[in-house]
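In: Predicted structure and sequence below. I'll ask about it afterward.
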Amino acid sequence: VSDMLPLLGAPVQIAYVVPDVEVAAHQWAEQFGAGPFLVNRHIAVTNVVHRGQPAVFDHTSAYGQWGDLMVELVHDHGTGPSVVRERFAAHESGLHHMAYMVDHLDSALEALAAAGYPVAMSAATASGTRFVFVDAVASHGHYFELYQRSERLTAFYDQVRNASLGWDGTDPVRYL
């Protein structure tokens, strides 16, 4: 795939692994004006497959708006194999992924695999939204996260964006 834009579109989210989402959310709000951050603890996910093997992905995320992009701050509570642990220890931070909503998830995954970008991990939310981390670490330094565009997912992105409208910087960490 020589041009990712037609396949993926523009990124909708940038995500960082952090040791503590609440601390990181306060830092992002203070340093960059991002937020407010909506924290979801121990997000229920199902059908987790990491590098072809069944796995567990117990994580907490904080979601905030930063200009046109959503920022996700991720903490992996687990010690087993995951797309977080294969790159970051529990105390480390760093850029993890750029996320994209696509109209045809399986077609996009096939095209990326054909271009040398394999699936690193797939899972689904409790409500059934599939998400897939594609390994682009060697070429881009991070994963691509893809999910099928849906009304439920779009509504969540709207919720995060709407929380930022007119936000005056107070109460930067909130809980879902």
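Out: Cool, the structure landed.
In: excluding its backbone neighbours, what's nearest Asp171?
Out: Leaving aside its sequence neighbours, Asp171 sits nearest to Pro36 (C-beta to C-beta, 6 or more residues apart in numbering; 6.2 Å). (Glycine included, C-beta is placed from N, CA and C.)
In: Name the spans of this protein whose pLDDT lies under the cut-off.
Out: Scanning the chain for pLDDT under 70 picks out the ranges 1-2.
In: which ones are touching the closest residue to Ile43 other than its chain neighbours?
Out: With C-beta to C-beta, 6+ apart as the criterion, Ile43 has its nearest non-adjacent residue at 5.9 Å, and that residue is His59. Listed by C-beta atoms under 8 Å, 6 or more residues apart in numbering, the contact set of His59 reads His42, Ile43, Val45, Val74, His75, Asp76, His77, Gly78, Val84.
In: Then Gln53?
Out: Taking C-beta under 8 Å, 6+ apart as the definition, contacts of Gln53 comprise Pro81.
In: Which SSE is immediately downstream of the longest helix along the chain?
Out: In terms of residue count, the longest helix belonging to the chain (DSSP state H) is helix 151-164. Downstream of helix 151-164, the next assigned helix or strand under DSSP states H and E is strand 173-175.
In: Next up, the contacts around the residue lying closest to Pro81 once chain neighbours are set aside.
Out: The spatial neighbour of Pro81 that comes closest, neighbours along the chain excluded (C-beta to C-beta, 6+ apart), is His50 at 4.9 Å. Contacts for His50 (C-beta under 8 Å, 6+ apart) come out as Phe57, Pro81, Ser82, Val83, Ala120, Met121.
In: Can you tell me which of these is closest to Ala136?
Out: Ala136 has its nearest neighbour among those in Ala120, at 9.2 Å by C-beta to C-beta.
In: Can you list the strands that whatever helix or strand the closest one lives in pairs with?
Out: Using DSSP H and E, Ala120 falls within strand 119-125. In the sheet, strand 119-125 lines up against strand 45-50 (antiparallel), strand 130-134 (antiparallel) (DSSP bridges).
In: What's the separation between the closest residue to Gln13 other than its chain neighbours and Ala115?
Out: Nearest-residue entry for Gln13: Ala99, 3.7 Å, with adjacent residues in sequence omitted and distances by C-beta to C-beta, 6+ apart. Relative to Ala115, Ala99 is positioned 18 Å away (C-beta to C-beta, to the nearest Å).
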